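K.L.:
quick one, fold the following:
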Amino acid sequence: MDQRLTRLSKRLSFVLRHHPDKIGIQLDPYGRVDLELLIKKFNQHFGTPISKSIIQEIIKDSDKQRYAIEGNTIRALYGHSIPVKPLTPPETPPEKLYHGTTHAAAKLILDEGLKKMDRDFVHLSANLQMANQVGRRRDPHPVIFEVAARNAAASGLLFYPTKSGVWLVDHVPAKFLKIIHE
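P.N.:
Numbers count the residues shown, from 1 in each chain. Model (predicted):
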């Protein structure tokens, strides 16, 4: 994705995941908003031209699949720091999922498990490559945890899949975690 689209995508993330109020919009309980209203308010606030076709280009060119246009609405698929309800029902996760993090955070996670912190859910990756990529955002040599996801689900935790291979869960106790790469 080129720099212009990346900048617009980051602004969309800011609005749809964290601060819809900054541009004067309100999300429904599932994180959706009318697409035309978003475009109008986004353009007024940022002074940056965005359109449905530009948003569709961002969605098409992104490997992260952060947004979905559904009818006349748009929503961020995951990553919210504001409360939203998942659109998909919980599903049985794969046997193993993964989580990439910093060395400093790994020490706390070993004691306390994975917590959602300032987000609505803990994000787990479907594969090692994704977990490594996520972890490298904050640490050039991240710690990778293997999550015994199926066992955690059997104990009552609810896992929500996303289209991008990210699985969402409220928390993961430390007993379901194992460091596989430091």
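
K.L.:
centre of the chain to the least confident helix or strand in the chain by mean pLDDT, how far?
P.N.:
The least trusted helix or strand in the chain, going by mean pLDDT, DSSP states H and E, turns out to be strand 67-70, with a mean of 84. When distances are taken as CA atoms, centre = their mean, to the nearest Å, strand 67-70 is centred 14 Å away from the chain's centroid.

K.L.:
strand partners of it, parallel vs antiparallel please.
P.N.:
Using DSSP bridges, strand 67-70 pairs in its sheet with strand 73-76 (antiparallel).

K.L.:
how about residues contacting the strand it pairs with?
P.N.:
By CB atoms under 8 Å, 6 or more residues apart in numbering, the surrounding residues in contact with strand 73-76 are 12-13, 16-17, 27-28, 30-35, 38, 55, 66-68, 87. For every residue, glycine as well, the C-beta is placed using N, CA and C.

K.L.:
mind doing that once more with 7 Å?
P.N.:
By CB atoms under 7 Å, 6 or more residues apart in numbering, the residues outside strand 73-76 that reach it are 13, 16-17, 30-35, 38, 55, 66-68.

K.L.:
what would these look like in a markdown table with distance to Ala153?
P.N.:
Listed next are those as a markdown table, based on distance: CB to CB, whole Å:
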| residue | distance to Ala153 |
| --- | --- |
| Ser13 | 28 |
| Leu16 | 28 |
| Arg17 | 25 |
| Tyr30 | 23 |
| Gly31 | 24 |
| Arg32 | 27 |
| Val33 | 31 |
| Asp34 | 35 |
| Leu35 | 34 |
| Leu38 | 35 |
| Ile55 | 34 |
| Arg66 | 25 |
| Tyr67 | 27 |
| Ala68 | 25 |
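
K.L.:
perfect, that will be all.
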